[in-house]
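Undergrad: Whatever this is, show me its structure:
(2 chains)
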Amino acid sequence: MTKTPLEATPAPRSSRPQPPRPLVAIKDIAWLLYLYPARWLARVLPLRFVYALGDAAGACAAACLPATRKALLRSLALAFSPDIGDPALNALADRYFRNDILRFLDDLLMQRLLREHRLRNAEVVHLDNLTQALAAGHGALLVSPHFFASRLAKRHLATIGFPSLSVRHHAPPDRHAGRFGMRFLQKHYVALVGEALGDEVSALDPECSLKMLARLRSGGLVDCHMDAACSREVVRRSFCGREKPFPAGFLHVAKLAGCPLVPLECLGNSRRLRIEVGKPIWLSDAPDRRSFVETNLTPVLRVVEEQIKRHPAEWDLWIRW
Amino acid sequence: MPTPDLVLQRLRRLASSSLNLNLTAADLATLTRVDDVAGFDSLTVLQFVSAVEKEFGLTFAPSELNARFLADLPALAAYISSHSGASC
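TA: Okay, here's the model as predicted:
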């Protein structure tokens, strides 16, 4: 990861002109099928059968989405070439598609999995790091990249006594949806993910940081994704082969709460979930706001980038970022 | 213990700086709510909380960390006046 100048400006939007959205796009059809028939079937079909369908859909997606695959391979190559050759990148891409589909499946199944206690066998490594972080009574801010298993991990941690408030973008930009999808379907998809997450706050809520601070000051947990630049204050850094904006707001919340950041690595799916809790990262003080962000963001980003490079097929944002 | 009026004046100055309000002296003197001004968002309200806590040497309880409580400057001034040991 290399450093580029820090800026504190509104999150940038692409300067390239976007083509007008069609009335209905393929993504809208996919949303429609996912939100209704697939959701109903996931409630009633035997789990073994649902998982078999998910595996088949993953293999199908890997083979039937050439443009997406090309974009994915390009991103992977930027991060890993020349260390990893084309065959290995293609194998990574196959695993990525499978994990992506299984994530969508797990979101549909979440309530059922929780009701039937199906997440009991998840493996949590170094949970002592979390208890140590919470021992001071100032809460802890869980940071992780967009791993496919993040929502499962959050719900599992809640079931073993570590509930957290998730910070989430409630109106994510979507280049592939049509006008119909953005107008009628996206809100239902956002609601479904909200149900999967449980306790959440919108990053667009003017009281978002206050709600985060209140939770931390109650000695609780807040979780946010480091790689979602929906904060008004962003810092651009080179990351996984590209220069990208990162949010800085969560650092100010953690500073005011006096809590550490705790990196989470969330891997797998509902059949095999592994959560590794990293060592708490305590924030360093700095003379001003700018240098505070400069000093404290880098170590967290380094940890997150290492997580992604260890488990590239588990990271959602290779093509969505 | 500072009087509510003096605390209110200090709160207005803090609000103006932390929320980056570009107000005239007359506007600032009549400022009573900060949640309906341009520039009030999740990050600036956090700056405001930070500035108020530092200025008056207090820590807001979790239940007090909401915009309804923090944005009403006269009510906040009365609260600070009764809870703060800060000198004016």
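
Undergrad: Residue 27: neighbour count?
TA: All of this is about chain A. 17 (other Cβ atoms under 10 Å in any protein chain shown). To be clear about C-beta, it is placed using only N, CA and C from the backbone, and glycine gets the same treatment.

Undergrad: think we crossed wires, I meant chain B
TA: B:Asp27, neighbours per other Cβ under 10 Å, totals 13.

Undergrad: Just the pLDDT at it, thanks.
TA: With respect to pLDDT, B:Asp27 scores 79.

Undergrad: element containing it?
TA: Using DSSP states H and E, B:Asp27 sits in helix B:25-29.

Undergrad: same for the lowest-mean-pLDDT helix or strand in chain B, what does it pack against?
TA: For chain B, the helix or strand with the lowest mean confidence is helix B:25-29, at a mean of 80 (criterion: mean pLDDT, DSSP states H and E). Where contact means 3 or more Cβ pairs under 8 Å, 6 or more residues apart in numbering or on different chains; DSSP states H and E, helix B:25-29 is packed against helix B:4-18.

Undergrad: And chain A, is the helix it packs on touching that?
TA: No - using Cβ under 8 Å from any Cβ of the partner chain, helix B:4-18 never reaches chain A; the gap is at least 11.1 Å.

Undergrad: Span of stretch A:272-289 from start to end?
TA: Length of stretch A:272-289, first residue to last, Cα to Cα, to the nearest Å: 42 Å.

Undergrad: Of all the residues in that stretch, which ones are buried?
TA: A:Leu273, A:Arg274, A:Ile275, A:Glu276, A:Val277, A:Gly278, A:Pro280, A:Ile281, A:Leu283, A:Arg289 (16 or more other Cβ atoms under 10 Å in any protein chain shown).

Undergrad: Likewise for stretch A:198-211?
TA: A:198-203, A:205-211.

Undergrad: Just list the residues touching the residue positioned nearest the centre of chain B, thanks.
TA: Central residue of chain B (Cα atoms, centre = their mean): B:Leu11, 4.0 Å from the mean position. Contacts for B:Leu11 were tallied using Cβ atoms under 8 Å, 6 or more residues apart in numbering or on different chains; they are B:Val52, B:Leu73, B:Leu76, B:Ala77, B:Ile80.

Undergrad: Show me which residues of chain A are close to chain B?
TA: When proximity is defined as Cβ under 8 Å from any Cβ, chain A approaches chain B at A:203, A:205-211, A:213-215, A:217-218, A:231-233, A:249, A:252-253, A:256.

Undergrad: ok, 10 Å please
TA: Within reach of chain B by Cβ under 10 Å from any Cβ of the partner chain, chain A has these residues: A:8, A:139, A:167, A:201-220, A:231-233, A:247-249, A:252-253, A:255-256, A:258, A:289.

Undergrad: Tell me which stretches of the stretch 201-321 of chain A form strands.
TA: Ranges of strands in the stretch 201-321 of chain A, per DSSP state E, counting those that start in this stretch, are A:221-225, A:234-239, A:242-247, A:261-269, A:272-277.

Undergrad: Return the most buried member of those.
TA: strand A:221-225 (a mean of 26; mean count of other Cβ atoms under 10 Å in any protein chain shown).

Undergrad: That one packs against which elements?
TA: Judged by 3 or more Cβ pairs under 10 Å, 6 or more residues apart in numbering or on different chains; DSSP states H and E, strand A:221-225 is in contact with helix A:127-134, strand A:140-144, helix A:150-159, strand A:164-168, strand A:200-202, helix A:208-217, helix A:249-257, strand A:261-269.

Undergrad: Kind regards, and thank you for your time.
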